[in-house]
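Undergrad: below are the sequence and a predicted model; questions follow.
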Amino acid sequence: MDLFLIIALLVIVSAFYSYINARFMKLPGTIGIITIAILVSLVTIAIDKLDPEVAHYLTVLAKNINFSGIVLDIMLGFLLFAGSFNSNTKRLKREMRPVIVLSTLSVILSTVIFGSLFYGATLLFHNVNIPYLYCLLFGALISPTDPVAVGAIIKNSKLPQNLATIISGESLFNDGVGLVLFVTLLEIINSGINHLIITNTALLFVREVFGGIGLGVILGFIAFRLMKSISDFQTIVLVSLSLVMSISVLAAYLHLSIPLAAVSAGLFTGHQTINADEKERSHEALEKFWQLIDEMLNTILFVMIGLQMVNLPYITNYWVTGAISIVLILAARWLSILLPLTFMRRTLAVNYSNINILTWAGVRGGVSIALALSLPFGPYRHIILCGSYFIVIFSIVIQGLTLNKLINRSLGVVEKTPK
């Protein structure tokens, strides 16, 4: 399919779903759009079996989208830069300790806990036998919370300010950690555990993490100085766009972490004003520009997630595995928050009563599906992909719709019933 036709159909479908949700369903944007996308995909699959010509365009569109490449290589950099550029750095600094713990230690713990639990669960089924390393790989791609989904859902939530900052800050950083874990485990699987060289694996991890952060800071500093030296808003926008594109290209070429580079650049350029004087409002206008980019790409991304069901006709074969995966990832998330909090309760300003909220607000999204789709074809790919899809849909729709009720219950807030 022609590239322009793919883009045009994606935009048209996204606009249509967004209108249907805003006009009739009136659900929170992300939840409404992905719900419509899933329903339409299910109808498309049913119609395609009866009359392929009727569902031709949506089927062709879904099958021609390189979801993994588009999300990881193109959209992720823009979305993370937009989220970090518009984040409140003062609040983020105040909550930096829990953010760092949740985005690093908790991701690693969740990967190990989920992988171990999933491996144990597979031993109970005689027809499912997944090696432990693949279970850890599944844990690495599903443990990080998704900044796009989290940002869209907590925007309409009743979360206290400190918890909202912790959750959004965690989601900005843990994608990079999860991606590095995923790449490292995939490298171990491909090279074989017997040929594993610890120093090479450690160097890969260090290069991805610190190289990505360093690249983001350096390019962010250069772009910031360029934007600060001019007052033409059009040029400022072009410089910010070129910054994100440069990060995506250079990080991919140098094998560095694109998420960590994009977040570092966004935080660096976002917390310092580029206004030359009080009359110049370039920074505020640039924030609105990136907020618009963020919301538009969010809509398109969740439409793409829904369309992926057309590419997963075998998903009905793994609904038991998917249901088990949902329970296990919630347990792993809860434990990965509880354990650091237990041993570091004096330094982390998070109460035990907040664990359930932090667990339920840990929403997964397009990055997890993109990583699952990037797995090489093999006997375990379908299981991991379907399990990831079940977890993502459950977390966005079910957790997103019930988050406010859990917040009210956990914080002792009495909901007012309309008279």
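TA: Sure thing, it's come through. Being a predicted model, the structure only gives us computed values, none of them experimental.

Undergrad: run through the residues that contact residue 20.
TA: Under the criterion of Cβ atoms under 8 Å, 6 or more residues apart in numbering, the neighbours of residue 20 are residue 36. C-betas here are computed from N, CA, C, even on glycine.

Undergrad: helix, strand or coil for it?
TA: Secondary structure of residue 20, reduced to three states by DSSP: H, G, I helix; E, B strand; the rest coil: helix.

Undergrad: check it and give its pLDDT.
TA: Residue-level confidence at residue 20 comes out at 95, pLDDT.

Undergrad: swap in residue 253?
TA: 92.

Undergrad: find the helix or strand that it is a member of.
TA: In this structure, residue 253 sits in helix 233-254 according to DSSP states H and E.

Undergrad: C-terminal to that helix, what's the next element?
TA: Later in the chain than helix 233-254, the nearest helix or strand by DSSP H and E is helix 258-270.

Undergrad: tilt between that next one and helix 233-254?
TA: What separates the directions of helix 258-270 and helix 233-254 is an angle of 150 degrees, with axes from the mean of the first three to the mean of the last three Cα atoms, to 10 degrees.

Undergrad: which helices and strands does helix 258-270 pack with?
TA: Where contact means 3 or more Cβ pairs under 8 Å, 6 or more residues apart in numbering; DSSP states H and E, helix 258-270 is packed against helix 76-85, helix 89-94, helix 161-191, helix 198-228, helix 233-254.

Undergrad: now do that helix, average pLDDT.
TA: For helix 258-270, the mean pLDDT works out to 92.

Undergrad: all numbers from here: first residue = 8
TA: OK, 8 is where the count begins now, so the last one is helix 265-277.

Undergrad: ok, then the element right after it?
TA: In N-to-C order, the element after helix 265-277 by DSSP H and E is helix 289-314.

Undergrad: pull out the buried positions in that following helix.
TA: Residues of helix 289-314 classed as buried under the neighbour-count rule (16 or more other Cβ atoms under 10 Å) are 289-290, 293, 296-297, 300-314.

Undergrad: how about the helices of the stretch 308-426 of the chain, start to end?
TA: Under the criterion DSSP state H, counting those that start in this stretch, helices of the stretch 308-426 of the chain are mapped to 326-350, 362-367, 373-380, 388-400, 407-418.

Undergrad: that older thread, list the buried residues in the helix holding residue 260.
TA: Of the residues in helix 240-261, those with enough neighbours to count as buried (16+ other Cβ under 10 Å) are 243, 244, 246, 247, 248, 250, 251, 253, 254, 255, 258.

Undergrad: now those residues as TSV including distance to residue 380?
TA: What follows is these, written out as TSV (distance: Cβ to Cβ, whole Å):
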residue	distance to residue 380
243	35
244	32
246	33
247	29
248	26
250	27
251	23
253	26
254	22
255	18
258	20
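
Undergrad: how near is residue 153 to residue 97?
TA: Counting by Cβ to Cβ, to the nearest Å, the separation of residue 153 from residue 97 is 24 Å.

Undergrad: what do you get for residue 290?
TA: In this structure, residue 290 lies at 15 Å from residue 97, with Cβ to Cβ as the measure.

Undergrad: now the helices and strands packed on helix 265-277 as TSV including distance to residue 19?
TA: Conversion of the helices and strands packed on helix 265-277 to TSV gives the following (distance: least, Cβ to Cβ, whole Å):
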stretch	distance to residue 19
helix 83-92	21
helix 96-101	37
helix 168-198	29
helix 205-235	33
helix 240-261	24
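
Undergrad: between those helices, which gets nearest to residue 46?
TA: helix 83-92 (24.6 Å; Cβ to Cβ).

Undergrad: which residues sit in contact with residue 273?
TA: Applying Cβ under 8 Å, 6+ apart, the residues near residue 273 are 87, 88, 89, 90, 91, 92, 94, 223, 227.

Undergrad: give me the number of residues near residue 170?
TA: Burial measure for residue 170: 21 neighbouring residues, criterion other Cβ atoms under 10 Å.

Undergrad: apologies, that question was intended for residue 26.
TA: Going by other Cβ under 10 Å, the residues that sit close to residue 26 add up to 10.

Undergrad: just want the most central residue of the protein.
TA: For the chain, the residue sitting closest to the mean C-alpha position, by Cα atoms, centre = their mean, is residue 153 at 2.4 Å.

Undergrad: which residue packs closest to that residue, ignoring adjacent ones?
TA: Taking Cβ to Cβ, 6 or more residues apart in numbering, and ignoring the residues beside it in sequence, residue 153 has residue 372 as its nearest neighbour in space, at 3.0 Å.
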